[in-house]
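J.: The following block contains a protein sequence and its predicted model.
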Amino acid sequence: METIQPILKRGRDVWDRINMPEAEFRERAQRIQEKIRKENLDVMLVYGAGLNEYGNSCYLSNFVTKMPQGALVILPKEGEVTFIFQGGSRELKTVQTTTWIEDTRPAMDLPQACVKFLKEKGLVPSRVGIAGIREWMPVREYQVLMDGIAPCEVIDMDHVLREMRMVKSPKECDQMRRASRIVARGFDFISGAAFPDTNERMIEAMIDREMRLEGVEDVRILIGKPREKQWALRPADDLPVSEGDSVIIYLALSFERYWAEGIRTFSFKDSFFEKPDLGTFAGIFEKGLSGMGPGRTVSQFYKGLLGDADKSGLEPILDYGLGHGIGLGPNEFPVIDDKSPIEMKEGMCFVLRLAAKSKKFGAVMTGDTFLLTQNGPEKLTV
């Protein structure tokens, strides 16, 4: 689900060393270095960028880019890790408060700094693994980096980070629970507060303010009015919310780097958002969760949920998909579709959403964040 992104991440930025201790990051780095040695590589470059795709570099460094800039973690097959972030030297002290990596360096030209470092370490030529670089690094910077290490043999290692990030550690699961609880509190605020000024932008601002007071780093909100002829989830506009309107609200946020999201359908009456009884629709959503379990493939779950919907006479709306993985990014692997062969595993976190046509409301939609446990899905947005 794509939303308007902020130009500057302006929320809380701290490193809670109790919730995410240094040992967590060191263990991740060691696991990747084991992969590097196994693949007979000399070094691996892990890149993250922007306000959505910082996950790879953050996974190893705990650093979050606050502007559309990049960050690079350099892991040799043996020894200490190096971290280079795009920015000036005046930012160094601040960055060092949020990362465990001692060798942290600022660079206005990230690829040039990386090439210089590799040459200083005698790693040009060598066998270099890359993750996130081809997908997320801007074209000009990518060309500078590839030209600078041209004598090297470059090997794609994106699958290593993808597989590691899909299955959350116990510490990450706790972080997902914290972020998801704030989403749930956001919906409690929406259904419990009076909104006398019924302009969409004012409603969005009130929700944003409450979430910021909870200590989140980023908030994304979309609004949909399904009784409109050509409705869609969209950013808030200078439009009124009128008495009797059916309103769908999408809320996603990050807390201490980890994202969670939820979706709810409301009826607007007497300045309040009321939660309507969704009847069969809610039952189908809950029943579908029984197909989410370790050992099943993503495509099996997808087909099972839609099969139950078809049997019930529900008319699903698939424009927004059924969901995807979530964690250090708002959109992660695996995507829930009918083709994914990825096996569901304990420790995976998913966003699951379902929309359907409704005679009474125009359309209804619900969605939550789930953690896959040995016993099945645990709903986190509670």
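T.: On my side now, so go ahead. Residues are numbered from 1 along each chain as shown.
J.: How about Ile4: what's its closest non-neighbour residue?
T.: Nearest non-adjacent residue to Ile4, counting by C-beta to C-beta, 6 or more residues apart in numbering: Pro235, 4.9 Å away. Backbone N, C-alpha and C define where each C-beta goes, glycine included.
J.: Got the phi and psi for that neighbour?
T.: phi -60, psi 150 (degrees, to the nearest 10).
J.: how about it, what does it touch?
T.: By C-beta atoms under 8 Å, 6 or more residues apart in numbering, the residues touching Pro235 are 3-4, 221-223.
J.: at 7 Å instead, please
T.: By C-beta atoms under 7 Å, 6 or more residues apart in numbering, the contact set of Pro235 is 3-4, 222.
J.: And for Phe255?
T.: Applying C-beta under 7 Å, 6+ apart, we find Phe255 in contact with 178-179, 182, 215-217.
J.: go on, Met176?
T.: So Met176 contacts 168, 258, 260, 327, 349, 371, 380 (C-beta under 7 Å, 6+ apart).
J.: Report the secondary structure state of it.
T.: helix (DSSP: H, G, I helix; E, B strand; the rest coil).
J.: Same check on Leu354?
T.: When classified by three-state DSSP, Leu354 comes out as strand.
J.: Compute the number of surrounding residues for it.
T.: Neighbour count for Leu354, taken as other C-beta atoms under 10 Å: 26.
J.: so it makes contact with Phe285?
T.: Yes: using C-beta atoms under 7 Å, Leu354 is in contact with Phe285, at 5.1 Å.
J.: joint contacts of those two?
T.: Thr366.
J.: Show me where the stretch 1-150 of the chain dips below the pLDDT cut-off.
T.: The stretch 1-150 of the chain contains residues with pLDDT under 70 at 1-2, 5, 7.
J.: Quick one: the helices in it, in order.
T.: 22-38, 55-61, 92-96, 110-120, 133-136, 139-148 (DSSP state H, counting those that start in this stretch).
J.: Spatially nearest residue to Leu92 (excluding sequence neighbours)?
T.: Pro106 (5.3 Å).
J.: what residues are up against the one you found?
T.: 85, 87-89, 91-92.
J.: Please indicate which of those has the highest neighbour count?
T.: Busiest of those [other C-beta under 10 Å] is Phe85, holding 25 neighbours.
J.: ok, now how distant is it from Tyr47?
T.: 11 Å (C-beta to C-beta, to the nearest Å).
J.: One more: Gly283?
T.: 44 Å.
J.: Pick out whichever of the two has more residues nearby.
T.: Between Gly283 and Tyr47, Tyr47 has the larger neighbour count (other C-beta under 10 Å), namely 27 against 13.
J.: quick check, Gly186 in a helix?
T.: Yes: according to three-state DSSP, Gly186 belongs to a helix.
J.: All further residue positions should be reported with the first residue as 53.
T.: Happy to do that; since the first residue is 53 now, the last one works out to Gly238.
J.: Now it: closest residue in space, sequence neighbours ignored.
T.: In space, Gly238 is closest to Leu303, 5.1 Å off (C-beta to C-beta, 6+ apart).
J.: now do Val387
T.: His376 is the one closest to Val387 (C-beta to C-beta, 6+ apart), at 4.7 Å.
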